[in-house]
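Visitor: Let's see this in three dimensions:
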Amino acid sequence: MEAPESRGLSAGILFAGRYEVLRPLKEGGMGAIYEVRHVETDARCALKVMLPGKAADEGLRERFRQEWRLTANIQGDHIVRGFDAGFDQATQTPYLVMEILQGEDLGMCIAKRGRMRVEEVLPLLEQLAQALERIHAAGVVHRDIKPGNLFLAKHDDGSPRLVVLDFGVAKIVVESTKTIDRTIIAGSPPYMPPEQLDGDGDIGTAADTYAFGHVAYTLLVGTSYWHDEYKAGGVSALRQLVRRGLPEPASKRAARQGVALPSAFDAWFEKVTSLDPDDRMDSPTVLAGNLARALAATASTVVASPAASIVSEPRSRVPSAKSWWSTLAAVALFVIVGVVAAGIVLPQRRDVDPAKPLASAAPAVSVVSLDGSARFIGAAVAGSELPLAAPAASRPTATGRQDASPAATASATAKHPVTTSARAQVPPAAAKSSVPPAEVNASDNTGWVQ
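Guide: Okay, here's the model as predicted:
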């Protein structure tokens, strides 16, 4: 095997004695990601290593070790899974082995296709909220929630799976703030609250809540709320602006991008990005639910189950409106045919033997519903033991004569045949949902933004 290159790992080398490097995936500011194969199990994994020159910094190495521990100990379907970690002596590099994900991060998705539809955004933010609940329950603040650290993969059934990546700047809430270097700003400025931009080490879960709100705005509008200010003045200018709060409602700023957001979103956004961390302290799942209600008016369907816009749910076995109308029309048609048949047969009066029952002359009624299924509603009537009229002995006529004999009845029926088929006029079925399928892009590129 070749020795690793000074600027990275070459394809084909054996890393840490058990991982064959297959190809590079992505490189960030502190580390690089490679696709590797475990030589014993043949499993494909993602290998994250520190970049040459960064590994010598003890502070960065400690941050990397912290990512090992957090990735391994916080479990959840929407949190990247860690399998292995260690320090490779040959390259003097700490490393982390994680699950490999097929797809792309939301930052890349937005850059390629622009803003996302409400029906796409809501289920993804619901999954992000579930991940944050687990992270915060473990006593951890992620501190770098942004589209680039939210990976859009797929479940085994093909449904979208949002995965939170990169715990490199995460903070354990219970750790002493005396160890925090306040001169280092850790995170992504457009998604950071004022206390984090000020380098305040004593930040809590409300920092992730603030970022959650800005991620929602970015996905819906296609650019971050502070994009222009950050691009024009950098961190220093942004810090001053963020300290003063939002300069204008989110809907007004979005309108300049050609996006219409309801006033209810303004109220939601103002709360989650409040200057006071205590005002942002709702749980992530509560915030996601409130956002769904705020955006209900802008969705192309009622926001009751947002995932329906992305995930094709199995069809329910509850009968459709078309089926119900077809059945009702068939029953009504049978009743009408029966009444017509009785009106034709019964008026033909003849003297008959009271001891003999009246034979049924009505044929089976076959009704074809509009859904294409044949329903033989009247099959049990013709030729059955149930007469269409009572015996003549119990039915004297107005003139005192008894009902006609079977033979006469049959003769009369032949003169007045009964129509035995008809097509039910069924109203159209209830309109189906017009929600278009998701257009979330997925590629073979896999990686994490550092």
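Visitor: mind listing the strands for the stretch 151-300 of the chain?
Guide: 160-164, 171-172 (DSSP state E, counting those that start in this stretch).
Visitor: mean pLDDT lowest for which of those strands?
Guide: Lowest mean pLDDT of the strands of the stretch 151-300 of the chain: strand 171-172, a mean of 67.
Visitor: which residue packs closest to Leu22, ignoring adjacent ones?
Guide: The shortest distance from Leu22 to any non-neighbouring residue, by C-beta to C-beta, 6 or more residues apart in numbering, is to Glu35 (4.6 Å). From N, CA and C alone the C-beta is placed, and that goes for glycine too.
Visitor: secondary structure element for that neighbour?
Guide: Here Glu35 sits within strand 31-38, counting by DSSP states H and E.
Visitor: Give the buried residues for that strand.
Guide: By neighbour count with 16 or more other C-beta atoms under 10 Å, strand 31-38 contains the buried residues 31-37.
Visitor: Same check on stretch 121-141?
Guide: For stretch 121-141, burial by neighbour count (16+ other C-beta under 10 Å) applies to 121-136, 138, 140-141.
Visitor: Could you do stretch 232-251 as well?
Guide: In terms of neighbour count (16+ other C-beta under 10 Å), stretch 232-251 has its buried residues at 238-239, 241-242, 246, 249-251.
Visitor: ok, and what's touching it?
Guide: 185, 189-190, 192-194, 197-198, 217, 225-226, 229-230, 260-263, 265-266, 269-270, 273-275 (C-beta atoms under 8 Å, 6 or more residues apart in numbering).
Visitor: on that earlier part again, relative to Glu20, which of the buried residues of strand 31-38 is nearest.
Guide: Arg37 (4.7 Å; C-beta to C-beta).
Visitor: For the closest residue in space to that closest one that isn't next to it in sequence, list each beta-bridge partner.
Guide: Nearest residue to Arg37, sequence neighbours excluded (C-beta to C-beta, 6+ apart): Glu20, at 4.7 Å. Legend: beta-bridge partners of Glu20 under DSSP bridges are Leu14, Arg37.
Visitor: thinking again about what came up before, would you mind finding the most buried of the strands of the stretch 151-300 of the chain?
Guide: Compared across the strands of the stretch 151-300 of the chain, strand 160-164 shows the largest average neighbour count, a mean of 21 (mean count of other C-beta atoms under 10 Å).
Visitor: and it, what does it pack onto?
Guide: With contacts taken as 3 or more C-beta pairs under 8 Å, 6 or more residues apart in numbering; DSSP states H and E, strand 160-164 sits against helix 118-137, strand 150-154.
Visitor: can you state the direction angle for the longest one and strand 150-154?
Guide: Spelled out, that is helix 118-137. Per axes from the mean of the first three to the mean of the last three C-alpha atoms, to 10 degrees, the angle that helix 118-137 makes with strand 150-154 is 110 degrees.
Visitor: Just want the angle from helix 118-137 to strand 160-164.
Guide: Going by the same axes, to 10 degrees, helix 118-137 makes 40 degrees with strand 160-164.
Visitor: Send over helix 118-137 as PDB, restricted to the C-alpha atoms.
Guide: The C-alpha coordinates for helix 118-137 follow below in PDB (Å, rounded to 0.1, in the frame of the first residue of the first chain):
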ATOM      1  CA  VAL A 118     -44.000  24.500   2.100                       C
ATOM      2  CA  GLU A 119     -45.000  20.800   1.600                       C
ATOM      3  CA  GLU A 120     -41.300  19.900   1.400                       C
ATOM      4  CA  VAL A 121     -40.000  22.100   4.200                       C
ATOM      5  CA  LEU A 122     -42.500  21.100   7.000                       C
ATOM      6  CA  PRO A 123     -41.700  17.400   7.200                       C
ATOM      7  CA  LEU A 124     -37.900  18.100   7.100                       C
ATOM      8  CA  LEU A 125     -38.200  20.700  10.000                       C
ATOM      9  CA  GLU A 126     -40.300  18.200  11.900                       C
ATOM     10  CA  GLN A 127     -37.400  15.700  11.600                       C
ATOM     11  CA  LEU A 128     -34.900  18.300  12.600                       C
ATOM     12  CA  ALA A 129     -37.000  19.100  15.700                       C
ATOM     13  CA  GLN A 130     -36.900  15.400  16.600                       C
ATOM     14  CA  ALA A 131     -33.100  15.400  16.300                       C
ATOM     15  CA  LEU A 132     -32.800  18.500  18.400                       C
ATOM     16  CA  GLU A 133     -35.000  17.000  21.100                       C
ATOM     17  CA  ARG A 134     -32.600  14.100  21.400                       C
ATOM     18  CA  ILE A 135     -29.500  16.300  21.300                       C
ATOM     19  CA  HIS A 136     -30.800  18.600  24.000                       C
ATOM     20  CA  ALA A 137     -32.000  15.700  26.100                       C
END
